[in-house]
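Undergrad: Sharing a model prediction with you, sequence too.
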Amino acid sequence: MQGNLPPEAQEKIEQLQGLQETAQEVAVQKQQAETNLEEAESALDELDNIDEDTTMYRNVGDLFVETDYDTAEDDLEEKVDSLEIRLETLEKQEERVQEQFEGLQDELEELLGGAGGGMGGPAGPGGPGAGGA
C-alpha cells in the first residue's frame, strides 16, 4: 500500500506512527500517576482518622520501618504534591502530542489530496480509496 506513496507521505506516516506510540506511552504513564495520586490522597484522608500516638510503619523496599504521624503526613503530602505536578506535566505532554499528531495528519491529507485526488487520508473511513461502492 505504501509503495506507491511519495517518499514525503511515507515519512509523515512513519512520524504519525511514532507519535501514536508516544501518545500510548504518555496515556499509560498518566493512568499510573492518577492511580498513585488517588492512593496517596486516600492514605492522607485515612491519616485523619488515626490517633497521632498510634504506632505506624511505612514501606521501605521490602521492609516496614516505624515512623511517626508527622513524618507520615509530611511524606504523603509531599507525594501528593509531586504526583499532581507529574499529572499536570503528562496532561500537557498529551496535548502537545495530540496537536502534533493532528498537524501531521493535516499535512498528510494535503499531500495525499494533491497527489491522489482527495483520498481521505489513511485514517479516513475505510482507508485510502475506500470509495464506498
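TA: On my side now, so go ahead.

Undergrad: How far away from the center of its chain is the helix or strand hosting residue 104?
TA: Per DSSP states H and E, residue 104 falls inside helix 69-116. Centroid separation between helix 69-116 and its chain, computed with CA atoms, centre = their mean, to the nearest Å, is 6 Å.

Undergrad: and if you look at stretch 64-81?
TA: On the basis of CA atoms, centre = their mean, stretch 64-81 sits 27 Å off its chain's mean C-alpha point.

Undergrad: so what's residue 16 scoring on pLDDT?
TA: On the pLDDT scale, residue 16 is placed at 94.

Undergrad: same question, residue 6
TA: 86.

Undergrad: Can you get me a residue count around it?
TA: For residue 6, the count of nearby residues is 13 (other CB atoms under 10 Å). Using the backbone N, CA and C atoms, a C-beta is placed for each residue, glycine as well.

Undergrad: tell me the secondary structure for the residue lying farthest from the centre of the chain?
TA: Relative to the centre of the chain, the most outlying C-alpha is that of residue 53, 40.4 Å out, by CA atoms, centre = their mean. In three-state terms, and counting by DSSP: H, G, I helix; E, B strand; the rest coil, residue 53 is coil.

Undergrad: What distance do you get for it to residue 26?
TA: Residue 53 sits at a distance of 44 Å from residue 26 (criterion: CB to CB, to the nearest Å).

Undergrad: Ok, residue 47 next?
TA: The gap separating residue 47 from residue 26 is 31 Å, by CB to CB.

Undergrad: Then residue 39?
TA: 20 Å.

Undergrad: With neighbour numbers in mind, choose between those two.
TA: It is residue 26, of residue 39 and residue 26, that has more neighbours when counted by other CB under 10 Å, with 20 against 14.

Undergrad: Surely the more buried one and residue 89 touch.
TA: No: the pair residue 26 / residue 89 is not scored as a contact, 9.9 Å apart, by CB atoms under 8 Å.
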